[in-house]
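**Q** with the input below, show me the fold.
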Amino acid sequence: MSTVGISRAGSRKDCIRRALDIICNETRDAVRRKDSDTLFIKLHVNDGYRLGLSTHPDALKTVVEYFAGDFDHVIAGDTNLPFLRDNIYADAGEIREMEFSDMRDYDSIPLKLLWADGSEKPARISLLPASVFTISLSLPQIHECLAFSGCTENMAGCVVKNKKAFHGVEWWSRFSNKRAARGNRAANMNLMRVLNQAKPDISVLDFYSCGKKAVGISMASDDCVSADAMAARAMGMQYVPHLSIAQTVGLGVSKMEMIQVALDGVSSWSEVRFPVRPHYSYMNQIASHYRVPLDFRHPFYAARRIRRLRDMRIEERLEKDVL
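**A** Numbers count the residues shown, from 1 in each chain. Now for the predicted structure:
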């Protein structure tokens, strides 16, 4: 049984703080189990051009303030952090001394990532999340390959070498329906391999705004899979493949009946729900374990596909710039 705290308040900071207060007992237990004097906050950072898809700076400030007295050292980072035009998170450093890192400065271990043809590609994953107390601080988003992106998918950023292999296919090969579908299946399994090595101790989902919608909700949990499962359900997604797989392999709890929900500032689940239009490939992602061709009926599908290919190409370029 896992616990998910859901809160509503008048500001982003109050939302996150009250959600963390709900799971304070679980948090203290997790801190004692990890027995580390270092806090690592895994941010979700985009490529630097679409900051609305990245962790909000106020969310980081709130988490740093909340845990300021519990740890001697604080690290915040993501592999994309060096590519921000400006460090929008620098203000959090005024609260207390902390380090911003792209995680490549720390020890890493080999990781095999599944490729679409069944082979495995060598990669490396940071040891930082496993060695110190880790918080996954992210925001809910729809996703082309994984249906839903939240605190669980955020940990894929801990792959510090050959990150492009996470998608299971080369960026250009997604023009092929068959290869794209196989790549989606591989990406779900690769996320399980990442989670096995880098599961966060506490997860915080910043729902205060979702796209252009003002939702005013935050979620916190001691299980990233449970937090994402509740968030996906709130957004109207009844099934997210990688969350279901995580339940099956014992890496988290995604079944609603096994999740204890605690509300603060919200009287009922209906106030939490804010259905959004899922990704245009969502039905194809979940149908028959992806064993159906991608849908080209959407009139703007080609343009959207090209945009995603561009994003994957950016990921490859970013890695080359670093290495």
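**Q** packing partners of the helix or strand encompassing Gln197?
**A** Assigned by DSSP states H and E, Gln197 belongs to helix 177-198. Where contact means 3 or more CB pairs under 8 Å, 6 or more residues apart in numbering; DSSP states H and E, helix 177-198 is packed against strand 108-114, strand 120-126, helix 128-131, helix 151-154, helix 241-249. Glycine gets a C-beta too; all of them are placed from N, C-alpha and C.
**Q** hey, C-alpha coordinates of that helix in PDB?
**A** Output of helix 177-198 as PDB, limited to C-alpha atoms (Å, rounded to 0.1, in the frame of the first residue of the first chain):
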ATOM      1  CA  ASN A 177       5.300   2.800 -38.500                       C
ATOM      2  CA  LYS A 178       6.600  -0.600 -37.500                       C
ATOM      3  CA  ARG A 179       9.900   0.700 -36.100                       C
ATOM      4  CA  ALA A 180       8.100   3.400 -34.200                       C
ATOM      5  CA  ALA A 181       5.800   0.900 -32.500                       C
ATOM      6  CA  ARG A 182       8.700  -1.400 -31.600                       C
ATOM      7  CA  GLY A 183      10.600   1.600 -30.300                       C
ATOM      8  CA  ASN A 184       7.600   2.500 -28.000                       C
ATOM      9  CA  ARG A 185       7.700  -1.000 -26.600                       C
ATOM     10  CA  ALA A 186      11.400  -0.900 -26.000                       C
ATOM     11  CA  ALA A 187      11.100   2.500 -24.300                       C
ATOM     12  CA  ASN A 188       8.700   1.100 -21.800                       C
ATOM     13  CA  MET A 189      11.000  -1.800 -20.900                       C
ATOM     14  CA  ASN A 190      14.000   0.600 -20.800                       C
ATOM     15  CA  LEU A 191      12.200   2.700 -18.300                       C
ATOM     16  CA  MET A 192      11.800  -0.300 -16.000                       C
ATOM     17  CA  ARG A 193      15.600  -0.900 -16.200                       C
ATOM     18  CA  VAL A 194      16.200   2.700 -15.300                       C
ATOM     19  CA  LEU A 195      13.700   2.600 -12.400                       C
ATOM     20  CA  ASN A 196      15.400  -0.600 -11.100                       C
ATOM     21  CA  GLN A 197      18.600   1.400 -10.700                       C
ATOM     22  CA  ALA A 198      17.300   4.900 -10.000                       C
END
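**Q** pLDDT on whichever helix or strand comes after that helix, on average?
**A** Sequence order places strand 202-210 as the next helix or strand after helix 177-198, per DSSP H and E. When pLDDT is averaged along strand 202-210, the result is 85.
**Q** which elements pack onto strand 202-210?
**A** So strand 202-210, by 3+ CB pairs under 8 Å, 6+ apart, packs with helix 12-22, helix 24-34, helix 57-66, strand 133-138, helix 151-154, strand 213-221, helix 224-234.
**Q** how about a cut-off of 7 Å?
**A** On a contact count with 3 or more CB pairs under 7 Å, 6 or more residues apart in numbering; DSSP states H and E, strand 202-210 meets helix 12-22, strand 133-138, strand 213-221, helix 224-234.
**Q** these: lowest mean pLDDT?
**A** strand 213-221 (a mean of 84).
**Q** relative to it, what are the paired strands and their orientations?
**A** In the sheet, strand 213-221 lines up against strand 2-8 (antiparallel), strand 202-210 (antiparallel) (DSSP bridges).
**Q** can you put the helices and strands packed on strand 202-210 in TSV and add distance to Ala262 and mean neighbour count?
**A** As requested, these are exported to TSV (distance: least, CB to CB, whole Å; neighbours: other CB atoms under 10 Å):
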stretch	distance to Ala262	mean neighbour count
helix 12-22	5	22
strand 133-138	19	27
strand 213-221	10	24
helix 224-234	11	27
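**Q** so what's the closest residue to Ser226 other than its chain neighbours up against?
**A** In space, and not counting its chain neighbours, Ser226 is closest to Ser2: 4.2 Å by CB to CB, 6 or more residues apart in numbering. With contact set as CB atoms under 7 Å, 6 or more residues apart in numbering, Ser2 has these partners: 221-223, 226, 253, 259-260.
**Q** let me have the residues you listed in CSV, adding distance to Asp14 as columns.
**A** As requested, the contacts of Ser2 are exported to CSV (distance: CB to CB, whole Å):
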residue, distance to Asp14
Ser221, 18
Asp222, 21
Asp223, 23
Ser226, 23
Val253, 27
Ile259, 24
Gln260, 23
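**Q** the residue nearest to Ser226 bridge partners, please.
**A** Beta-bridge partners recorded for Ser2 (DSSP bridges): Ile259.
**Q** quick one: the nearest residue to Arg18 once chain neighbours are set aside from Gly250, how far?
**A** Spatially, and ignoring its direct neighbours in sequence, Arg18 is nearest to Ser7 (3.9 Å; CB to CB, 6+ apart). Going from Ser7 to Gly250 by CB to CB, to the nearest Å gives 29 Å.
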